[in-house]
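A.B. asks: Fold the following and give me the result.
(2 chains)
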Amino acid sequence: MTTINPHEMNRSTQAGVRALIKERGDSMDDDPRGGFHGLRVAITGGSSGLGLALVQELLGRGAQVAFVARRREGVERVVRENAGVHGIVGDVSKKDDIHLIAMQILGVLGGLDVLINNASDLGPAPLALLADTECEDLERALATNVLGPFRLTKALLGALASSAREGRGAVVLNVSSDAAINSYPRWGAYGASKAALHHLSRIWNEELTSEGIPVLSLDPGDMDTPLHAIAVPDADPSQLKRPGTAARELADAIGKLLWFKNSARTMQETAR
Amino acid sequence: MTAAHLPIQRPREARLLVVNDRGNFRHWPRSKFVDLLRRGDLVVANDAATLPASLAGEHVRAGSPIEVRLAARRSLASDGIRYCVAVVFGMGDFRMRTEDRPPPPAFRAGDQLTLGPLRATVEEILGHPRLVQLTFDASADKVWEGLARHGRPIQYSHVKTPLALWDVWTPIAGPPVAFESPSAGFALDWSTLASFKERGVQFATVTHAAGISSTGDPKLDALLPFDEPYRIPKATALAIGRARVRGGRIIAIGTTVVRALEHAAQPGGLVRAGASLATQRLGSASRLRVVDAILSGVHEPGTSHYELLRAFVDEAVLRSVDQELNARHYRTHEFGDSVFVERIQRGVQARIGSVQVSTASDWIGY
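C.D. replies: Have a look, this model is predicted:
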C-alpha cells in the first residue's frame, strides 16, 4: 500500500467521481459548495482523521451534522470544539448499538439526507500476514467495515427514502480504499472487509436507484490519519494527503450528486 | 380472535380479511396485498419510527418505583421530545397486564422523577392520577441519549419477550416520533414497495406521532387517541392531487394515516401540506373526505382503532367482519393479521343475509 503514490490515488478518486457524474449527465460546471445548507448529514467515526475532517468540512458548508464515535471523551471534545455539531456515543460494530445510534441521529436532526459510513477498523495492528491474522481481528474488521455500515444504512433507509421522495435528495457514501481493489500483502483483513463493503455499495446502488438514493463507494487516498499511522508507522506524513483535502473532495462528490438531482427536479417541474 | 405473541413483523402466514366497497369480504394472504391494488392508486404510509417510550424510574418524593410511558407530544420538532404527556404506572413491568398495574404515588406539580440517566419534572396533573405533563431537565441531545440508553419500547403482556427497537420499527421508519409502532406498516417491505412501482401504484408517506394505544384504565382509554402532531410533505399532498385527477384510490396504511389525512382534508379530496396537530376522533359520524381504503391491524371492539373503522363501514358490516375474524381465528394486536377495508359506497346498502353475486367468485356475501 505504501508503494502507491498518494497523488496518483487522488487522481483516480477524482476520475472515479468524474465518471460517476458523467454517467448521470452532469456538466460539473457549477460550484457544488452551496448545496449543503440545511442538509442533514450523519458521519460515523467522526472524532478523528477523515471523519473529523468531514464533520468540519460539512459544518463549514452549512449542513446540520451529527457524528458517531466510540469514546465519550472524543465525542465531547469534538462537540466542544465545533459549535452546533451533535455528538453521539456508539459503536457501529455492535448490533445492539445500531438502532440506538439511528434513533439519536434521526432524533437530533429530525430526519436524514446524507449518511457517510466512515468508521473503519484496520484488523490486526500492526498489520499481519493473513496466516498470522487472528480470527478475532478479521471478525472485528468485518463487523466495523461491513456489518456496521450495512445495519446502519438499513436502519436509516426509511428516513433517506422519505428525504428522496420529498425532493431533498439522499445519498449514502461508504468510505472505501484502494485496498478494496488491490491485493496488498499484510492488508488481508482490512482489504477483504473493504472489498465486501465496496461490492455491497455497488449492489445497493443498483437496488436503491429507483428509490432515489445513490450509494457511493469512494477511495479518499492515503491520508495522514491515526489509522494510517498504525498501519504504516514509518510513513512520512508530509508525503500523505491531508484529511481536509480528502474531505473536500468527498463533499464535492456528494454535492455534485445532490446538485444534479435538484436541477433535474427543477427541470422536471418546469416542464410539468 | 387470539393475540399474536411473537414479535415477527411479516410472518409468512399472515392473513388479510378484505372488505370491499359493497360490504362483501374474502380472505387473502397478506403477502399478496399488492394484488388488491390498481394502477393509479396511491398508498400512503406513516414513516414515524417508534421511540423507546417506557422508562423505569423512581418518584423521588415518595421514594417508590414507577414506570413512565411517554404517550403524546405537541410538536414533531427535535426538542419537542423534552415536553411529553405521560401515563404513569406503579410498581411492575410489561409482564403484568396493564389492567392489574397499581397506580403511581399521588403526584403534585413540581414533583421530580428520576428515570435512569434522565430527570424529569411533573408540570401538571392532567385530570387523572396517572396522566401527567412532564418536562425533561436536560438539552434535547441529552434527552435523546437518555432515551437510547434507558428507554424500552412500550410493550403489553401478550408478547412475552422484551421487545428491541428493531422489533417495533417498520421497514420504512424515519423520524422517531411515535410512542407506539404504526404497526400496519409492518406489512410493507422494500420488495413490496418495488412491486408497487412495477404496477403503477404510487407510494407516499406522512409523519404522524402515533400515541399510546391502551392504558388498561377505562377512564383513560376513553380519552384516546390523544392529540397527535403530524406532518404531510408537499410531495405527498401533490401525489394525492395527482391520484384524484387520474381516478386512483387513496389507500391508508394504518389508522394514524387516516387521522392525519382527514385532519388536513381540503375540498375536492385534497390535503393541506405542512405540520399540524390532529385533534379529531374518527367514528361512525365521520365523513371521510380523502381516504378510500385502509390496511389495518385486527383490533378488538372498543379500542379507538376499531371505532375508526366505523367511518369506513356501517355497524352491520363491522359485526359480520368481527364474526368472520373470530370464526377464522384471526390474530389480533400489532404483530397479528390485518384487514383491508374499502370505504362503503354511498347509497349502497350492505345486503345482509343474501349471497352477493360477484364476478370474482371468491367474494363472500352474507
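
A.B. asks: only C-alpha atoms for contact and neighbour calcs from this point on.
C.D. replies: OK.

A.B. asks: For B:L309, which non-adjacent residue is spatially closest?
C.D. replies: Leaving aside its sequence neighbours, B:L309 sits nearest to B:G283 (CA to CA, 6 or more residues apart in numbering or on different chains; 6.9 Å).

A.B. asks: For that neighbour, what are phi and psi?
C.D. replies: Backbone torsions of B:G283, given as degrees, to the nearest 10, read phi -170, psi -160.

A.B. asks: try the one 3 residues further on
C.D. replies: Backbone torsions of B:S286, given as degrees, to the nearest 10, read phi -80, psi 140.

A.B. asks: could you list every residue that touches it?
C.D. replies: Contact partners of B:S286, counting by CA atoms under 8 Å, 6 or more residues apart in numbering or on different chains, are B:A311.

A.B. asks: picking up where we left off before, can you read off the pLDDT for the residue nearest to B:L309?
C.D. replies: Looking at B:G283, its pLDDT is 91.

A.B. asks: do you know how far it is from chain A?
C.D. replies: Relative to chain A, B:G283 is positioned 30 Å away (CA to the nearest CA, to the nearest Å).

A.B. asks: Kindly report the same for B:R272.
C.D. replies: With CA to the nearest CA as the criterion, B:R272 and chain A are 15 Å apart.

A.B. asks: residues from chain B in reach of chain A?
C.D. replies: B:47, B:51, B:77-79, B:140-141, B:144-145, B:148-149, B:165-166, B:171-176, B:204-205, B:233-236 (CA under 8 Å from any CA of the partner chain).

A.B. asks: Show me those residues that map onto helices.
C.D. replies: With DSSP state H as the criterion, helices contain B:A140, B:D141, B:W144, B:E145, B:A148, B:R149, B:L165, B:W166, B:K234, B:A235, B:T236 from among the residues of chain B next to chain A.

A.B. asks: I'd say the fourth one and A:Q104 touch.
C.D. replies: Looking back up the chat, that one is B:E145. Yes: if you go by CA atoms under 8 Å, B:E145 and A:Q104 touch, sitting 6.6 Å apart.

A.B. asks: Show me which of the two is the more surrounded one.
C.D. replies: A direct count of neighbours by other CA atoms under 10 Å in any protein chain shown for B:E145 and A:Q104 places A:Q104 higher, at 27 against 24.

A.B. asks: now the one helix or strand the more buried one maps to and helix B:140-150, what's the angle there?
C.D. replies: Element membership for A:Q104, per DSSP states H and E: helix A:95-109. When axes from the mean of the first three to the mean of the last three CA atoms, to 10 degrees is applied, the directions of helix A:95-109 and helix B:140-150 differ by 160 degrees.

A.B. asks: JSON lines for the ones in helices among the residues of chain B next to chain A, including pLDDT?
C.D. replies: Below are those laid out as JSON lines (pLDDT from 0 to 100):
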{"residue": "B:A140", "pLDDT": "96"}
{"residue": "B:D141", "pLDDT": "97"}
{"residue": "B:W144", "pLDDT": "98"}
{"residue": "B:E145", "pLDDT": "98"}
{"residue": "B:A148", "pLDDT": "98"}
{"residue": "B:R149", "pLDDT": "97"}
{"residue": "B:L165", "pLDDT": "97"}
{"residue": "B:W166", "pLDDT": "96"}
{"residue": "B:K234", "pLDDT": "97"}
{"residue": "B:A235", "pLDDT": "97"}
{"residue": "B:T236", "pLDDT": "98"}
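
A.B. asks: just to revisit the earlier point, between B:E145 and A:Q104, what contacts are shared?
C.D. replies: In contact with both B:E145 and A:Q104: A:I88, using CA under 8 Å, 6+ apart.

A.B. asks: Need the contact partners of the helix holding A:Q104.
C.D. replies: Helix A:95-109 is touched from outside by A:40, A:42, A:64-66, A:68, A:86, A:88-92, A:111-112, A:148, A:151-152, A:155-156, A:159, B:51, B:78-79, B:140-141, B:144-145, B:148-149, B:165-166, B:174-176, with contacts defined as CA under 8 Å, 6+ apart.

A.B. asks: re earlier: could I have the buried ones of the residues of chain B next to chain A as PyMOL selection syntax?
C.D. replies: The buried residues among the residues of chain B next to chain A can be selected in PyMOL (16 or more other CA atoms under 10 Å in any protein chain shown) with this line:
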select buried, chain B and resi 47+51+77+78+79+140+141+144+145+148+165+166+171+172+173+174+175+176+204+205+233+234+235+236
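
A.B. asks: circling back to that earlier point, run me through the strand neighbours of the helix or strand following the helix holding A:Q104, direction for each.
C.D. replies: Along the chain past helix A:95-109, the next helix or strand (assigned with DSSP H and E) turns out to be strand A:114-117. Sheet pairing for strand A:114-117, assigned by DSSP bridges, gives strand A:40-44 (parallel), strand A:171-175 (parallel).

A.B. asks: so where's chain B uncertain?
C.D. replies: When residues are selected by pLDDT under 70, those of chain B lie in B:346-366.

A.B. asks: Please repeat the previous calculation with a cut-off of 50.
C.D. replies: Low-confidence segments of chain B, defined by pLDDT under 50: B:349-361, B:365-366.

A.B. asks: all helices in it, in order from the N-terminus.
C.D. replies: Along chain B, counting by DSSP H, helices occupy B:140-150, B:165-168, B:190-198, B:218-221, B:234-246, B:255-263, B:304-309, B:315-327.

A.B. asks: What does the residue nearest to B:A4 when sequence neighbours are not counted show for phi and psi?
C.D. replies: In space, and not counting its chain neighbours, B:A4 is closest to B:G336: 4.9 Å by CA to CA, 6+ apart. According to degrees, to the nearest 10, the main-chain angles of B:G336 amount to phi -90, psi -160.

A.B. asks: I appreciate the help and will end here.
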